[in-house]
Each structure stands twice: as C-alpha cells, then as structure tokens.
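[1] below are the sequence and a predicted model; questions follow.
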Amino acid sequence: MSVVELPLAVFIVDDEPPARNRLKDLLTDCAEQLPLVLVGEAANGVEALDKLSEVQADVVLVDIRMPQMDGIELAQHLNKLHKPPVIVFTTAYDSYAITAFEQRAIDYLLKPVRLGRLFEALTRARTAVPVRSEVLQELTPEPRKNISIHERGKILLLPIEKILYLRAELKYITVRTAEQEHLIEESLISLEKEFAARFVRIHRNCLVAKDEIEGFEKVAATDSSDAHWAVKLKGLDELLPISRRQQFIVKEFS
Amino acid sequence: MPEMRIINQNITPDALPNFRNLGVALRIILIVNAAALFAVLPQAFSIQDLVQHMLSGSAYLQPALLVCLLLLYILNKFIAEMTYRRAALLILALVASVSWAVAQFAAVLFDPFAESSVFDSLRQMVLSMLVTSLVLAYFRLRAQSLSPALAAARMQALQARIRPHFLFNSINAVLGVVRSNPKQAEAALEDMADLFRMAMADNSELLTLKREVDLSSQYLALEQLRLGDRLKVDWQIQDMPQDALIPPLILQPLLENAVYHGIEPMHEGGEITIKLYRSGKEMHMEVRNPCQPRIKGHSGNKMALLNIRERLALKFDLEAQYNVDAAENYYHVHIQIPYLREESK
C-alpha cells in the first residue's frame, strides 16, 4: 500500500436547506475519524450535474424526492460521467424506492440520518462500485425527463419533449431536435420502452415523437428501394421511411 | 383565553337537525308533500282528480306545516338543548296539537254543521304524527350516515401529521437547524406539538377562526423551515371577522394540500394566497396555489378534500358552498359557510 489515500470527496444534493445543513454537520463529525472533504452542494439535479462536471466527487449523497429532476434520474445522468461517483441515496420516506433498494442491495440512508449509518456508508464508498444504469432504470416507474448528452467533457441535458426522433446508426443513436443532432450511447429498445408515451417506432432503427407527426407521404419506388410510406415531422424537411411491418401506424396516426 | 372558548354544536348521530337551516326546512317541506302525494295517489282516477285531491288536502296541510316549521324555528335553541328522546316527543306533541287545532279551525271555517269533525281532526292528527316520525327518522339516518365524516377527519388529520413525509422531513429540518439556530429549532418543535395536539383533540366543536388561523400559520412556519424562500404566503385577512366560528381543521388541510401538491414539486416555489372575509351573513375562505401543468391531478389528497365537503354538508347542509377551480397552472378552493359568532349563552 504505497498509495497515499486522498480524503474522500463528498458532494450533497438536497432541495431543502436544513437537510443539507444536517448532512454537513454530520460530515464534520465523520471527518474526525475519516479523512473527507465536502467538495460542493446543490439544491437540485440540474445544478448538481453542472457543478459535478467541474469538480470530481467520490461520493454523492442524493435526495430522492426533488422538484425538476428526482434523485434517481440524477444518478442515471451521473453514471455517464468519465469517473462516475458512488451514489448514496437519502430519503425521508418512499416505500417504493426503499423496497427496490433492498432488493438490489443499493445503499441508502433514511432521514433523519444517523451519524453511525453515514459513517458506515462513507467507509464502504471507497470500495463500492457505482450502481448500473439499467438497475437504476428499474427503480423508477417514471421515465427520465431528460436525455444526457456527453459533449466535450460536459454533460448536456436535453428535455425529452424537444426530441423529434431517435435513430440508431451503427454504434450510436442520433438524437434529432428542431435545431441540432446529438449522439448518445444507449439502446433503442430500452429507450422505446422507457419513453413509450412519447415515441412510436416507424422502422427497425427509428422512433419518432407522436406529437410531432405532421403527415404521411407515399414515396415512389427507386432503384435502391421499393415504394413505401414516410413520415413528415413538424419543422423538418427530411422524410423518415416507414418499414413494411410498421405500416399500420399510417392509419393509426392520420 | 376568550377566543379559545368553544361551543358545543351537537353533531352526535342522535342529534336533531338545526331547524333554522334553510336546507333542513326545504327537506321537511319536500318530504311532507311527497308523503301527501303518495297518500292521494291510490284514490285518484285522473291527473285532474289528483290535482283536485292535492289541492283540497293542501288547504289543511300547508297551513299546518308552515305553523309547525315556524314553531320549530322559534323553539330551535330550546330543542337543541334537550336529549334526543325528549326533543322528539316534544316535536310529536307539537305537531299533534298544531294539526288538531288547524283541523278544528278548518272545520269551523268550511263546514260548521258537520257531525264528524272530531273524527276528522283525530284522523288528521294521527296522519301528521306518522309523517313527522318519518321526517325524524330521515334526519336521524342522514346524521348517522354523515357523522363518521367527523371521526374520519380526525383520523386523517392525525394520519397527515404522522404521514412519514411530513413527520420525518420536519424532524430532519429541526435537526438541521439545531446546532446553528437552537431558538428556531425550539420554536419548530413547539409548533409541531401544537399541530399534533389539535389533530388528537376531540374536534366535534366549532372553534374561532382566529384559532384556526394561528394553527395554520404554525403549520406554514414548519413548512417554511424546510422549504425556505420557495414557500411564500400571502395572508389577506385584514377583513377577517375575529369572532367567527368554523368547524376545526378546514383551513389547515387545504394549506397542506397546497404545499404538497402545489409548492413542493416546483423548483422555484410559489405563493399561496389565503383570503378570509365576511360578506353579510356569509363567511368566505379562499385558498389559491400555483401548480405545475401536466401534473397528474390532485388525487393524492382527494380524501382530505372530500372529507371537508362531507363535514360542511353535515354541519350546514345547503347553506355551505364548496367550489374548486382547478386550472392548468393554479388550484383555487372557495368555501362559503354561514357566519356564526360566539354567542353569550
């Protein structure tokens, strides 16, 4: 063991100021026995993502019930960081999440948090492995409100309602908004499942936003393809082909 | 503490209705006339015949009914203080004498030389008492079916207090300020104690509006500790009648609803507006909170709101109104109840 252990870098996310105070008090108490440093705090998920792309944290204490972006969605986005931190959830009460945590052996702290429990969780954090994104997704019945895109070392949040279509291309998925295209590394099948309320599959490799469908056009046969239907989306000139198997949606949506 | 004095309003299942309530009077008139209609129905051969029967019956029935209602209106307070059994007997006796008197009077007026006036008066008297029993039975059943609402309200208030979300978050908030601001922590614990006391108290009585307002501010102070600047409250109570009496736990659950469903899910928070005022003989309570569009309804606390409605119906019948305006980005509850004051008994 020649490596000198750096102090554990801890970050707090909670929407209630007194709750953050309480954790800070307890961290001060823990610091007497466990070298640690508080590297920052945030009042919501968006703020947390913003700050955490600047500073490196080893452990993030995340409240589950928060406005705008809940703790579980935040954890999913944090997993996309270059070195994902270990996440310890905190909750006053949320029977659904607690049973889910128990089943998957995910560490969580009940508020009011006890000093001993926090100490335990922090000690374990050094050796803990981040919870996988698929597991996190199972934890919540709610789909994410944003897709996170990794661009130039930063995390960019894209609200789901801005996305017009998702198209799988080789290794990546193209996310198309009215203005831009982005690339993400997720599976189209799990995206289709998670956002079934917003998107419909028109082709083996393509999901389009139901609300953004402007109309359908018949495309005449060319050398490379047979005659087929295509979707025209609001604000996009591009026509997206519908596969033979998915042709029923022409009737359903027009 | 004069404003803490409470007046017993008898909402036990056995209680007789408040005969000064418009809704109650209307119900009595409807039941009695419906009974009269059923009584003449078998005798009638045609519509004209039916109308004829009703009209000739009415000449006797309506005056007797109105005199009874008037007497009950006058005697209401006196009756309310009696036991149920005695009050019911008194009412029966009252109705019997009124109908006897009206029948005798009618006999003299229409047919002074008829022989059977004694039999006729007796017949009317028995019929009236029968219908009166029917009316009394109806009110008793109604009171019994609505009265669990009161126990339920207490239960719900208690459950709302002990609701893990409220309880643990509040305790956590107090722990959060205990080191930095012990005074604030003390105040918060005192507020919590008062809220629990109210929820556990026997709440069958009316209490002053002032008291409910105090309790509601204590509740909001606790939430403010947690939510900080996100929770803003606009109390428009300069025209509030200090001495007005209202059923307990009407305003506070509305505010709880507004905080949980309105303010908390909003990142930037919002302002709850509370408006209390009197206009003429009515007391108005309005609570308005912003809410996020696209949030899946206000189903969470429907129970509490439904319960407030039931209790108002039991207490004030038609004289209470409960209106909800649930728009895309705000939620507005408007309650109107009769203005009652603490009386010097």
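    The structure has been received and is ready for your questions. Residues are numbered from 1 along each chain as shown, chains lettered A, B, ... in the order given.
[2] measure residue A:135 to residue A:93 for me?
    As defined by CB to CB, to the nearest Å, residue A:135 lies at a distance of 22 Å from residue A:93. Heads up, the C-betas are built off the backbone N, CA and C, glycines and all.
[3] and if you look at residue B:281?
    Taking CB to CB, one finds residue B:281 at 44 Å from residue A:93.
[4] these two: which is more packed in?
    Neighbours per residue, other CB atoms under 10 Å in any protein chain shown: of residue B:281 and residue A:93, the larger number sits with residue A:93, 17 against 9.
[5] near chain B, which residues of the stretch 1-150 of chain A?
    A:15-22, A:25, A:44, A:67-68, A:92-93, A:110-113 (CB under 8 Å from any CB of the partner chain).
[6] restricted to strands, list the residues you listed.
    Applying DSSP state E to the residues of the stretch 1-150 of chain A next to chain B, the entries found in strands are residue A:110.
[7] ok, now how distant is residue B:98 from residue A:129?
    87 Å.
[8] quick one: which of those two has more around it?
    Neighbours were counted for residue B:98 and for residue A:129 using other CB under 10 Å; residue B:98 has more, 20 against 7.
[9] check contacts around the more buried one.
    B:64, B:67-68, B:71, B:128 (CB atoms under 8 Å, 6 or more residues apart in numbering or on different chains).
[10] wait, isn't residue B:273 in contact with residue B:285?
    No - Residue B:273 is not in contact with residue B:285 according to CB atoms under 8 Å; the separation is 11.6 Å.
[11] nearest spatial neighbour of residue 133, skipping sequence neighbours?
    No chain specified, so I'll use chain A. residue A:79 (4.9 Å; CB to CB, 6 or more residues apart in numbering or on different chains).
[12] oops, chain B please
    residue B:92 (7.2 Å).
[13] where does that neighbour sit, in terms of helix or strand?
    helix B:84-110 (DSSP states H and E).
[14] what residues of that helix count as buried?
    Residues of helix B:84-110 classed as buried: B:84, B:87-88, B:90-91, B:94-96, B:98-100, B:102-103, B:106-107 (neighbour count, 16 or more other CB atoms under 10 Å in any protein chain shown).
[15] from the chain's centre, how far out does the strand or helix carrying residue B:38 sit?
    Assigned by DSSP H and E, residue B:38 belongs to helix B:22-40. Helix B:22-40 sits 22 Å away from the centroid of its parent chain (CA atoms, centre = their mean, to the nearest Å).
[16] which residue would be the closest one in the stretch 51-200 of chain A to chain B?
    The stretch 51-200 of chain A approaches chain B most closely through residue A:93 (3.4 Å), counting by CB to the nearest CB.
[17] relative to residue A:180, how far out is that residue?
    Taking CB to CB, one finds residue A:93 at 41 Å from residue A:180.
[18] ok, now residue B:272?
    For residue B:272, the distance to residue A:180 - CB to CB - is 40 Å.
[19] more crowded one of these two?
    The residue with more neighbours, out of residue B:272 and residue A:180, is residue B:272; 22 against 10, by other CB under 10 Å.
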